[in-house]
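Student: build me a structure from this.
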Amino acid sequence: MKLHEIAAALGCKLQGDGEIEIRGVAGMEHASAGHLTFLANPKYAPKVKHTQASAILVAEAVAGLPIASLVSENPYLDFARALALFYQPPRPPAGIHPMASVAATAQVGEGCSIGAFAAIGEHVRIGRNAVIHPHVVLYEGVEIGDDFLAHSHVSVREFCRIGNRVTLQNGVVVGGDGFGFAKRSDGTQFKIVQSGITIVEDDVEIQTLTSIDRATVGETRIKRGAKIDSLVQVGHACTVGEDNIICAQTGLAGSTVLERNVVLAGQVGSSGHLTVHEGAVVYAQSGIGGDVEKGARISGSPAFAANEWLRAVTAFSKLPEILKTVRELKRKVG
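Tutor: Numbers count the residues shown, from 1 in each chain. Modelled structure (predicted):
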């Protein structure tokens, strides 16, 4: 594509030669001639002079740039949009593969593609334009909206509901049993039937090998626009709020409630029956033991205010020296 065509598609202001031919996009350090790159953080501006890219997305016009530029209000977002201009994952043709198993009572919408060895259970309803790759299993009574994408080895358990434009990456399990057992008087465990369901709302994406448990009673709900990374465990009766970001290896114990725009970094753990309020950010490897205030930033285990945690962790390595000093002072006083 010509650079001026990309500028028009993205709604960016062009500075420089619009006739440059762009054949792809790449990060600043890996770009070569014919690539479009981006500068989202001004602190990396000195690296621009070393890039081999032919053009760059920037947040504001920069004097003396050695390459053409596209001025964007959000360079990182427009870089992602530009990437989509050059690469779209292959889409299998519409139709049901002869080696797929589709129950006679299932309803499959127009334009759907169902791959080999997929299994679609009784009374399943699938909207239009779904892509269901090989070895996907939809249990009885599952309801799915339009533009669903399920990669191989996804399982959606009985009676769960999924909205429109939902993407489930390889190995995701939606609606597996919640972890519920009651101890008998002799110490053995009695399994509690997990009679609730899991509901995944519109525009959710869930990455590989993540498990969203069904509720014991009621529902587990993933709300609109939430993005959940790989190897995440969402326990029974949890609520994940709108536009949440949950990073890899995070675990939410049962009945955790995340309000909208919450960010949980990698390896966060949450004890159950608590609420993380709107806009909170929980840093990596934190342990959440109680409610988190709106807009808070917390860290550590047990987690507390991130700015205090930074001071505490700085002091931690000095504790042996401090303890030695205290002991010496006690000896002198004594």
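Student: per-domain residue ranges of the protein.
Tutor: As assigned by automatic domain parsing, the chain contains the domains 3-86, 95-309.
Student: please identify the most buried of those domains.
Tutor: domain 95-309 (a mean of 19; mean count of other CB atoms under 10 Å). C-beta: built from backbone N, CA, C; applies to glycine.
Student: out of the domains of the chain, flag the one nearest R327.
Tutor: domain 95-309 (26.4 Å; CB to CB).
Student: first-to-last residue distance for that closest one?
Tutor: 55 Å (CA to CA, to the nearest Å).
Student: tell me the gap between that domain and the middle of its chain.
Tutor: In this view, domain 95-309 has its centroid 11 Å away from the chain centroid, taken as CA atoms, centre = their mean, to the nearest Å.
Student: where do the helices of the chain begin and end?
Tutor: Assigned by DSSP state H, the helices in the chain fall at 3-10, 75-86, 306-316, 319-333.
Student: out of the ones you listed, which gets the lowest mean score?
Tutor: Lowest mean pLDDT within these: helix 306-316, a mean of 85.
Student: who does that helix touch, helix- and strand-wise?
Tutor: strand 297-299 (3 or more CB pairs under 8 Å, 6 or more residues apart in numbering; DSSP states H and E).
Student: what sits up against the strand it packs on?
Tutor: 280-283, 286, 288, 292, 304-307, 309-310 (CB atoms under 8 Å, 6 or more residues apart in numbering).
Student: let's have those in CSV, adding distance to C12.
Tutor: Listed next are the contacts of strand 297-299 as CSV, based on distance: CB to CB, whole Å:
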residue, distance to C12
A280, 33
V281, 30
V282, 34
Y283, 33
S286, 38
I288, 40
V292, 38
F304, 43
A305, 39
A306, 35
N307, 37
W309, 40
L310, 38
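Student: ok, these vs F181, which is closest?
Tutor: Closest to F181, out of all of the contacts of strand 297-299 and judged by CB to CB, is I288, at 23.4 Å.
Student: any figure for the gap between the nearest residue to that closest one once chain neighbours are set aside and A296?
Tutor: Nearest non-adjacent residue to I288, counting by CB to CB, 6 or more residues apart in numbering: S270, 4.3 Å away. S270 is 14 Å from A296, where distance means CB to CB, to the nearest Å.
Student: likewise for V333?
Tutor: 41 Å.
Student: tell me which of the helices of the chain lies nearest to A100.
Tutor: Per CB to CB, nearest to A100 of the helices of the chain: helix 75-86, 29.1 Å.
Student: distance from the chain centre to that closest one, please.
Tutor: 18 Å.
Student: list the contacts of it.
Tutor: 1, 6, 9-10, 12, 23-25, 36-40, 57-59, 70, 72.
Student: that older thread, tabulate the domains of the chain (TSV), appending distance to A315.
Tutor: Formatted as TSV, the domains of the chain follow (distance: least, CB to CB, whole Å):
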stretch	distance to A315
domain 3-86	28
domain 95-309	11
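Student: cool, thanks, signing off.
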